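Asks: next come a sequence and a model predicted from it.
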Amino acid sequence: VTALDESEFCDCDELESIVLPENLATIGGWAFSWCLSLTSVECRGENPPVIGMNIFDGVPASNYVIRVPASAVERYKTAAGWSDYADRIVAAE
């Protein structure tokens, strides 16, 4: 998988966590919007994928964390689009 389409998992009430592969290049807008059970997104790539608009629209910020490689935390926090979620980005354990 190198790309997630726009609204790929939108309204997926059962989605609690997801692991995104190292080679993921893009995440379409609203990909995880309204996934109200979402608690964890793990991005395994060292380089942040290009993301569309509002990928977590409707998901309460207090509900989820975005785990990334420890060496890439600052890269994700400052990347275009990802910086909107900087407070949710943590090093993967």
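Replies: Yes, it's here.

Asks: this protein: strands as residue ranges?
Replies: Along the chain, counting by DSSP state E, strands occupy 3-4, 17-20, 26-27, 40-43, 50-51, 65-68, 89-91.

Asks: so in that sheet, which strands flank the first one, and in what orientation?
Replies: Taking DSSP bridges as the criterion, strand 3-4 forms sheet pairs with strand 26-27 (parallel).

Asks: residue nearest the centroid of the protein?
Replies: Val41 (5.4 Å; C-alpha atoms, centre = their mean).

Asks: number of nearby residues for the residue lying closest to it once chain neighbours are set aside?
Replies: Among residues not flanking Val41 along the chain, Ile66 sits closest, at 4.9 Å (C-beta to C-beta, 6 or more residues apart in numbering). For every residue, glycine as well, the C-beta is placed using N, CA and C. Around Ile66 sit 21 other residues, with neighbours defined as other C-beta atoms under 10 Å.

Asks: follow-up on the earlier one: roughly how far apart are the residue nearest to the centre of the chain and Glu8?
Replies: According to C-beta to C-beta, to the nearest Å, Val41 and Glu8 sit 12 Å apart.

Asks: same check on Asp57?
Replies: From Asp57 across to Glu8, the span is 13 Å (C-beta to C-beta).

Asks: which of these two has more neighbours?
Replies: The neighbour count for Asp57 versus Glu8, taken as other C-beta under 10 Å, is higher for Glu8 (17 against 14).
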